[in-house]
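A.B. asks: Structure of the sequence below:
(one chain, ligands or ions: 1)
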Amino acid sequence: VLVDKGNHRHFMAKEIHEQPEVVGHTLSTFYRPMTETVELPAAPYDWAALPKVTMVACGTAHFACAVAKYWFEQVARLPAETDIASEFRYRNPPLVKGGLSIFVSQSGETIDTLTALRLAKEQGQHIAGIVNVPESAIARESDVLYPTNAGPEIGVASTKAFTCQLTTLALLAIAAGEARGSIDADERKRLTRTLAELPRLMNVALHLDEVMGEVAHDLAKARDVLYLGRGAMYPLALEGALKLKEISYIHAEGYASGELKHGPIALIDENVPVIVLAPSDELFDKTVSNMQEVMARGGRVILITDKTGAERAGDSAWHTIVMPDADPFVAPILYSIPIQLLAYHTAVAKGTDVDQPRNLAKSVTVE
Ligand code: G6P
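C.D. replies: Residues are numbered from 1 along each chain as shown. Purely as a prediction, here's the structure:
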């Protein structure tokens, strides 16, 4: 396939801006808007009877799994575990009989993920693949394929493939929840509606492009950056830190907000910006108190929140980024946009090779 950058300076910028469209395409694979139902392909397993779901992947795809763990647990009351493929394959995990193992990969060729798939298959697990390249090895070797429709992703740092993986996982969690009776038809409709709204909200969030460029100008001077989040925003903090270090070469760490006081707070001073991912959900007040702990030590906070959150936090943050209001269920997908834009603009400000960062490969097919 011949893919060009369109009007964008880098593939990464183009791919960030394509997300409303490709998330829409990915949604329409299984979501039927007329009936507000999720229709999944036939599978040799029954979501209602599954004892456990195990999700395995590498890099950014693994963080999509880590977000989905919260969804499977909360929406479907389904025990869910995630692991990095290179750990999973060597730790000889006891897999629950009749369980489902889901392998998530943009390329479908990552050797650690593929080897983990084969191990799970040998142990009698049902195998599902969430893959962006339908001709790939992981797609072929899965019992059931849930394709993401992100289109070719050229930038080494994954963006649109990630939000499409999340979209697919969210649909699976809803389908599982309904099959298991942990949500009723009304709740299913409510949740699918929040997903159907996403492309529009993502478009609104993309208007932050310029603001994020200004914030990035400040961030580019940092040597270390901390990302904080709670609940499903915690894995998103990990992804935000990964994005930043991959392309701007700034050292970044993601932490669960509640763990701040158990270590990373020792690092805080005016030289370590702290990015707080906090939509105004029921955990918001706890996050604000974490923010205050940071600021009391001279730390500079970049708060990414919604209108209500911005009002409740006051104007104490260094920068406050106001996102469109969204249901907490879809916040991890929506808040991917500002963290991607921030990493992108920081890399541009530093003059690094955004699409092909040093030492990294798009797909890692050797051990
Ligand atoms: C490489 C890429 C990452 C990607 C990871 C997993 O490390 O640089 O961006 O997340 O592989 O790739 P996959 O194709 O399996 O999603």
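A.B. asks: Strands of the stretch 51-200 of the chain, residue ranges please.
C.D. replies: Across the stretch 51-200 of the chain, reading from the start of the chain, the strands by DSSP state E, counting those that start in this stretch fall at 53-57, 80-84, 100-105, 126-131, 144-147.
A.B. asks: Within the sheet, what are the partner strands of the shortest one, with directions?
C.D. replies: Sheet pairing here is set by DSSP bridges, and for strand 144-147 it gives strand 126-131 (parallel).
A.B. asks: what sits against the residue most central in space within the chain?
C.D. replies: Nearest residue to the geometric centre of the chain (Cα atoms, centre = their mean): Ala64, 4.2 Å. When contacts are counted by Cβ atoms under 8 Å, 6 or more residues apart in numbering, Ala64 is found next to Ala57, Val104, Phe162, Gln165, Leu166, Leu169. For the C-beta atoms, the positions are set from N, CA and C on the backbone; glycine is no exception.
A.B. asks: ranking these by neighbours, who comes first?
C.D. replies: Counting by other Cβ atoms under 10 Å, Val104 has the largest number of neighbours within those, with 34 neighbours.
A.B. asks: Touching, it and Ala61? I think so.
C.D. replies: Yes - using Cβ atoms under 8 Å, Val104 is in contact with Ala61, at 4.3 Å.
A.B. asks: Quick check: neighbours shared by the two?
C.D. replies: Taking Cβ under 8 Å, 6+ apart as the contact definition, Val104 and Ala61 share the neighbouring residues Thr113, Gln165.
A.B. asks: overlap between the contacts of Ala64 and the residues near the ligand?
C.D. replies: With Cβ under 6 Å from any ligand atom as the criterion, the subset of the contacts of Ala64 in contact with the ligand is empty.
A.B. asks: Tabulate the residues you listed in TSV, adding columns for distance to Ile275 and pLDDT.
C.D. replies: Converted to TSV, the contacts of Ala64 look like this (distance: Cβ to Cβ, whole Å; pLDDT from 0 to 100):
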residue	distance to Ile275	pLDDT
Ala57	24	98
Val104	25	98
Phe162	17	98
Gln165	22	98
Leu166	19	98
Leu169	24	98
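A.B. asks: hmm, which two among those residues are most spread apart?
C.D. replies: Between all members of the contacts of Ala64, the longest pairwise span (Cβ to Cβ) is found for Ala57 and Leu166 and amounts to 12.1 Å.
A.B. asks: Just the helices from the stretch 201-350 of the chain, written as ranges.
C.D. replies: Using DSSP state H, counting those that start in this stretch, the helices assigned to the stretch 201-350 of the chain run over residues 209-219, 233-248, 284-296, 307-313, 331-334, 336-350.
A.B. asks: Now do the buried residues in the fifth one.
C.D. replies: Put plainly, it is helix 331-334. Residues of helix 331-334 classed as buried by neighbour count (16 or more other Cβ atoms under 10 Å): Ala331, Pro332, Ile333, Leu334.
A.B. asks: do stretch 127-137 as well
C.D. replies: Within stretch 127-137, the residues that count as buried by 16+ other Cβ under 10 Å are Ile127, Ala128, Gly129, Ile130, Val131, Asn132, Val133, Ser136, Ala137.
A.B. asks: Nearest residue to the third one in space, please, no chain neighbours.
C.D. replies: Spelled out, that is Gly129. Of all residues not flanking Gly129 in the chain, Ser142 sits nearest, at 3.3 Å (Cβ to Cβ, 6 or more residues apart in numbering).
A.B. asks: how about the one you found, what does it touch?
C.D. replies: Taking Cβ under 8 Å, 6+ apart as the test, what Ser142 contacts is Phe103, Leu117, Ile127, Ala128, Gly129, Val131.
A.B. asks: isn't the fourth one right next to Gly99, touching?
C.D. replies: No - contact between Ala128 and Gly99 fails when scored by Cβ under 8 Å: they sit 11.1 Å apart.
A.B. asks: Let's see the pLDDT reported for Val1.
C.D. replies: We have a pLDDT of 59 for Val1.
A.B. asks: just Phe103 next, same as before
C.D. replies: We note a pLDDT of 98 for Phe103 in this prediction.
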